[in-house]
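Enquirer: Here is my input; please provide its structure:
(chains A and B)
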Number of protein chains: 2
Amino acid sequence: MTGTATGSPVVALADRIRAGSQVSLARALTLVESRSDAAAELLAEIWKDSGRAHVVGITGPAGSGKSTLVTAMAQEYVARGARVAILAVDPSSAYSGGAILGDRIRMTELAGRKDVYIRSMASRGATGGLSRAVLDGIVVLDAAGYDVVILETVGVGQAEVDVISVAHTVVVVSVPGLGDDIQAIKAGLIEIADIHVVNKADRPGADLTVKQLRESLRLAHREAQQWNVPIQKTTAATGEGVSDLLDQAAKHRTWMVDHGGLKDVERRNAATRIRWAAESLVAEKLRSGMRDFDAAVEALIAREDEPRQAAARLLTAMAVDPTDINGREK
Amino acid sequence: MTGTATGSPVVALADRIRAGSQVSLARALTLVESRSDAAAELLAEIWKDSGRAHVVGITGPAGSGKSTLVTAMAQEYVARGARVAILAVDPSSAYSGGAILGDRIRMTELAGRKDVYIRSMASRGATGGLSRAVLDGIVVLDAAGYDVVILETVGVGQAEVDVISVAHTVVVVSVPGLGDDIQAIKAGLIEIADIHVVNKADRPGADLTVKQLRESLRLAHREAQQWNVPIQKTTAATGEGVSDLLDQAAKHRTWMVDHGGLKDVERRNAATRIRWAAESLVAEKLRSGMRDFDAAVEALIAREDEPRQAAARLLTAMAVDPTDINGREK
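Expert: I've put the predicted structure just below:
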């Protein structure tokens, strides 16, 4: 259906990803970060293989033990026979690629396992660019056959909220004794949490944190037929509560499927993708029709035309031909 | 040519702007900040009246006396019989509108004069949005018959560089005794300065600052036939050097006209405008063709289609019809 010639480098790459090559997977993720034409071609090629993974987002303030928790979750998923990919996202860092974030050294215990794949992505300038790379990265990991994609963010700002909102299940991690930080979380993240975790629950004050969260959940406006957000205590360092957390996540996914919520998330993500693809196509068409574009610019500065009419004429003249996308059908 | 019905509110607003109404001008600037359909209609209406003003950008670090300098420049321009508009831009502030920035209280001596108009714009979230509002605001002020538009930015970051680069003549202000800050300016702004000003030139160290600037200009790569960037000393508080600065700005503009540089800036700005207009049109078309868009989203999540093909089909189906822009020709 895509019409890509068999044997093209992108088709070969897609085949190796499907066959489980982690080297090819790393190459593919670097490719989608580049947002090149080849990246668009790869995404078109593997799109139909995606749509199966459970995307679990994890966010929370620094010091809440997210990294240890994600490691423990990955181990538990593997113990249950699932393949897990971890996509760690740092909007405030410019350092990306196969590299591992800050304290990810603990994850060496996961590295090298065939059933676990770890990758970090960082902001290269624009946050919008990161959101796009993340959404595309999830498609790649999903198509590669990972049953669960854990999307982990560092920090709790608006960029993190934007990134995490593409997940099916959003887990917000709190920790006892960061009273003010929990207040800070509440502002931005309380509305998007599907599961609250109070990690380091062996610390004094864990029950107070649970109580505070329960109170803020009680105050939040809730519609009937809405998912009842659980508060799960965990001690990631010992694994305490992690199995229950996985059960809660699975329960949430079932609820989402039953109540149409999963389709809603997928619709939202699909709409975003189409808008991005449309913007890229228009930018490409403007570039490729450079002679027309230059003529429009001259007409504009000669005041023979105004920007909106000029843009409309260019878009019409360059009407995007679907058979011409990605240089396929050639 | 635009086909807007005579007597429409936007046409009436455009007429009042041309007639010199500052109240209508303020309304128009608020309108372009809103980026509404009416804003696009207004810009189309007044586009042909623009293209005459000399746009002078002023930037420099906090404490360099930019505000006093801009006030003195405006007074000198008025004394020479010109009409002057000041557009003060603060990318780091969320406060916009008719309001006057920080220390702009000194400008009360200018306020109320028929030949001077002062307006500030601030970042409402996205920096891209601010750049766009500034570029559109310049068109409005230009069409309103101001001979000079002084575009003043606060701070010296990348956002300021983006904003100031739409000016025909870029003035970078330094001040003696901010040694490190001048080093900071050099990094981002030395390349885009058409005129360097050392303000507060009555302070000790002014000649050292001039020497440092001359040295950094000497080190910068310069092509033949390039504008020879002058370094002008001013004492804005007394008006010393301000008349010379205006002469330098006029000289730069003449040079730009003679050497095609002004056309280059206009071409760059026109290309940006067309790209923005194209993006807006595509976003509108996607919104207005909501039924097709929803169908595309469903096909995407059913894996019957992939994002790029879906976007291409939508764009083709919705091929932008120039007669349909802004609801004109009706």
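Enquirer: I'd like the distance between the residue in the stretch 51-200 of chain A that chain B sits nearest to and A:D15.
Expert: Proximity of the stretch 51-200 of chain A to chain B (Cβ to the nearest Cβ) peaks at A:G51, 5.7 Å away. Using the backbone N, CA and C atoms, a C-beta is placed for each residue, glycine as well. Per Cβ to Cβ, to the nearest Å, A:G51 is found 19 Å from A:D15.
Enquirer: cool, A:V23 as well?
Expert: Distance of A:V23 to A:D15, computed by Cβ to Cβ: 13 Å.
Enquirer: the more surrounded of these two?
Expert: Per other Cβ atoms under 10 Å in any protein chain shown, whichever of A:V23 and A:D15 has more neighbours is A:D15, with 14 against 9.
Enquirer: what's the pLDDT at the more buried one?
Expert: With respect to pLDDT, A:D15 has a value of 95.
Enquirer: what do you get for A:I100?
Expert: pLDDT at A:I100 comes out at 45.
Enquirer: got the residues of the stretch 151-300 of chain A near chain B?
Expert: Within the stretch 151-300 of chain A, the residues that sit near chain B (Cβ under 8 Å from any Cβ of the partner chain) are A:263, A:266-267, A:270-271, A:273-283, A:286, A:293, A:296-298, A:300.
Enquirer: Of the residues you listed, keep whichever come out buried.
Expert: A:266-267, A:270-271, A:273-282, A:286, A:293, A:296-297, A:300 (16 or more other Cβ atoms under 10 Å in any protein chain shown).
Enquirer: from these, which ones fall inside helices?
Expert: A:266-267, A:270-271, A:273-282, A:286, A:293, A:296-297, A:300 (DSSP state H).
Enquirer: what number of residues lie near A:I164?
Expert: 24.
Enquirer: With A:A19 instead?
Expert: A:A19: 10 surrounding residues under other Cβ under 10 Å.
Enquirer: What are the boundaries of the strands in chain A?
Expert: A:54-59, A:84-90, A:116-122, A:148-153, A:169-174, A:195-198, A:231-233 (DSSP state E).
Enquirer: And the contacts of the fourth one?
Expert: Here strand A:148-153 makes contact (Cβ atoms under 8 Å, 6 or more residues apart in numbering or on different chains) with A:53-59, A:66-67, A:70, A:73-74, A:77, A:82-91, A:134, A:138, A:141-142, A:160, A:163-164, A:166-167.
Enquirer: who wins for proximity to B:W47 among the strands of chain A?
Expert: strand A:116-122 (41.4 Å; Cβ to Cβ).
Enquirer: and the closest one, which strands flank it?
Expert: Strand A:116-122 has the following strand partners under DSSP bridges: strand A:84-90 (parallel).
Enquirer: Let me see the mean pLDDT of the strand it pairs with.
Expert: Strand A:84-90 shows a mean pLDDT of 88.
Enquirer: Next: stretch A:315-328.
Expert: Taken as a whole, stretch A:315-328 has an average pLDDT of 55.
Enquirer: One more: stretch A:143-151?
Expert: Mean pLDDT, computed over stretch A:143-151, is 96.
Enquirer: first to last residue in stretch A:292-309, what's the distance?
Expert: End-to-end distance for stretch A:292-309, by Cα to Cα, to the nearest Å: 14 Å.
Enquirer: Tell me which residues of that stretch come out buried.
Expert: A:292-293, A:296-297, A:299-301, A:305-309.
Enquirer: In space, what's closest to A:P9 - neighbours in sequence excluded?
Expert: Distances taken as Cβ to Cβ, 6 or more residues apart in numbering or on different chains place A:A38 nearest to A:P9, at 7.6 Å, with adjacent residues excluded.
Enquirer: ok, the one you found to chain B distance?
Expert: Relative to chain B, A:A38 is positioned 12 Å away (Cβ to the nearest Cβ, to the nearest Å).
Enquirer: OK, contacts around that residue?
Expert: Contacts of A:A38 (Cβ under 8 Å, 6+ apart): A:9-10, A:31.
Enquirer: Among these, which one has the most neighbours?
Expert: A:V10 (23 neighbours).
Enquirer: Give me the pLDDT for that one.
Expert: A:V10 is given a pLDDT of 91.
Enquirer: Show me the helices in chain A, by range?
Expert: Under DSSP H, chain A gives helices at A:9-18, A:22-34, A:37-46, A:66-79, A:127-143, A:158-164, A:179-189, A:206-219, A:242-258, A:261-288, A:290-301, A:307-317.
Enquirer: need those in a markdown table with distance to B:Q248, can you?
Expert: Shown next, in a markdown table, are those (distance: least, Cβ to Cβ, whole Å):
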| stretch | distance to B:Q248 |
| --- | --- |
| helix A:9-18 | 55 |
| helix A:22-34 | 44 |
| helix A:37-46 | 46 |
| helix A:66-79 | 56 |
| helix A:127-143 | 40 |
| helix A:158-164 | 43 |
| helix A:179-189 | 49 |
| helix A:206-219 | 60 |
| helix A:242-258 | 65 |
| helix A:261-288 | 37 |
| helix A:290-301 | 25 |
| helix A:307-317 | 32 |
